[in-house]
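Peer 1: Mind looking at a prediction? Sequence and model below.
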Amino acid sequence: MIKHKRSILVILLGATGIVTAGAQAAGQGFYLGASAGYSALNTPGGDAFSVGTSTSSVLYLEDSATSDSGGFGGSVFAGYNVNQHLALELGYTKYANSNYSSTQSKYTGTPENYTLDGTPNSASLDYSTHTLDFFVKGTLPLIAQVSAFGKIGASYVMQEVTYTNPAGTPTINLDANKFATPTTGSSTEKALRPAAVFCISTAATENIATSLFAQGFYGCGDFSTDSSAIASAYLVGAGVTYSF
């Protein structure tokens with residue numbers, strides 16, 4: 001009882017992710033950990049670009065288009081177990097980038113005889129997202145050495161978009177105030193967004209626990225009209241935690 005009445009000191013270093021706390025049985029104390037897995041951003045996808053508007057004498061064709069909105073992500077985190085059911089945590093998470101590109105050609109002439117007008121034009125959009133995460137974690141022991149836990153809190157999101165569209169065609173189908181064409185540059189949007197983690201954890205040793213988890217944060221804004229829009233993101237994978 002005396003042990004659980006001690007003041008709570010929280011010093012969290014690291015970065016986010018999912019906390020695997022199989023050291024629940026150990027009760028109070030600090031822990032450090034890391035997690036990695038598959039992550040993705042809910043970015044505009046195939047709607048990022050549009051093909052130029054064709055007329056009776058001008059024909060626009062998309063030669064190639066690529067999109068990649070998922071890949072490797074990971075986090076590091078640190079926390080303090082107030083008791084075997086409650087912990088406080090701070091972490092850092094890096095989500096996979098989203099990358100989009102489109103190459104288009106302009107043809108002029110007649111429907112029977114179009115010829116290439118100049119060289120093909122290319123445009124790209126690249127999103128990079130990382131977060132600082134603040135969580136309150138609740139743990140529920142299930143069976144011997146196995147526990148489930150959930151974390152609720154907030155992520156301070158830093159999402160950078162880099163855009164290259166020197167010719168103005170293909171057109172970027174996003175906020176015209178931010179991506180006026182032709183244009184090349186970058187901008188970073190920052191916001192505090194709600195976040196959560198769900199996990200199953202197993203104690204491997206007295207101090208080490210492994211886990212399977214899912215985490216993410218909820219974005220905001222409409223990419224077609226809002227220059228400060230932030231894409232939602234998720235990360236699923238495995239983690240390891242060391243409890244002191």
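Peer 2: All right, it came through fine.
Peer 1: which residues in the chain form strands?
Peer 2: Counting by DSSP state E, the chain has strands at residues 29-41, 49-50, 58-68, 70-81, 86-94, 98-110, 113-116, 121-143, 146-165, 171-172, 183-203, 208-217, 233-243.
Peer 1: what's the closest of the ones you listed to residue 225?
Peer 2: Checking these against residue 225 by Cβ to Cβ gives strand 171-172 as the closest, at 13.4 Å. Every C-beta, even on glycine, is put in place using the N, C-alpha and C of the backbone.
Peer 1: where does the protein dip in pLDDT?
Peer 2: Along the chain, segments meeting pLDDT under 70 span 1-27, 45-47, 168-182.
Peer 1: how about 80 then?
Peer 2: Residues of the chain that meet the criterion pLDDT under 80 lie in 1-27, 44-52, 165-183, 223-227.
Peer 1: In JSON lines, list the strands of the chain along with distance to residue 226 and mean neighbour count.
Peer 2: Conversion of these to JSON lines gives the following (distance: least, Cβ to Cβ, whole Å; neighbours: other Cβ atoms under 10 Å):
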{"stretch": "strand 29-41", "distance to residue 226": "16", "mean neighbour count": "21"}
{"stretch": "strand 49-50", "distance to residue 226": "18", "mean neighbour count": "20"}
{"stretch": "strand 58-68", "distance to residue 226": "21", "mean neighbour count": "14"}
{"stretch": "strand 70-81", "distance to residue 226": "23", "mean neighbour count": "22"}
{"stretch": "strand 86-94", "distance to residue 226": "23", "mean neighbour count": "23"}
{"stretch": "strand 98-110", "distance to residue 226": "17", "mean neighbour count": "18"}
{"stretch": "strand 113-116", "distance to residue 226": "37", "mean neighbour count": "12"}
{"stretch": "strand 121-143", "distance to residue 226": "15", "mean neighbour count": "19"}
{"stretch": "strand 146-165", "distance to residue 226": "13", "mean neighbour count": "20"}
{"stretch": "strand 171-172", "distance to residue 226": "14", "mean neighbour count": "22"}
{"stretch": "strand 183-203", "distance to residue 226": "10", "mean neighbour count": "17"}
{"stretch": "strand 208-217", "distance to residue 226": "17", "mean neighbour count": "22"}
{"stretch": "strand 233-243", "distance to residue 226": "17", "mean neighbour count": "22"}
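Peer 1: Let's have these in JSON lines, adding distance to residue 224.
Peer 2: Shown next, in JSON lines, are the strands of the chain (distance: least, Cβ to Cβ, whole Å):
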{"stretch": "strand 29-41", "distance to residue 224": "16"}
{"stretch": "strand 49-50", "distance to residue 224": "11"}
{"stretch": "strand 58-68", "distance to residue 224": "17"}
{"stretch": "strand 70-81", "distance to residue 224": "22"}
{"stretch": "strand 86-94", "distance to residue 224": "27"}
{"stretch": "strand 98-110", "distance to residue 224": "15"}
{"stretch": "strand 113-116", "distance to residue 224": "31"}
{"stretch": "strand 121-143", "distance to residue 224": "13"}
{"stretch": "strand 146-165", "distance to residue 224": "14"}
{"stretch": "strand 171-172", "distance to residue 224": "11"}
{"stretch": "strand 183-203", "distance to residue 224": "15"}
{"stretch": "strand 208-217", "distance to residue 224": "21"}
{"stretch": "strand 233-243", "distance to residue 224": "19"}
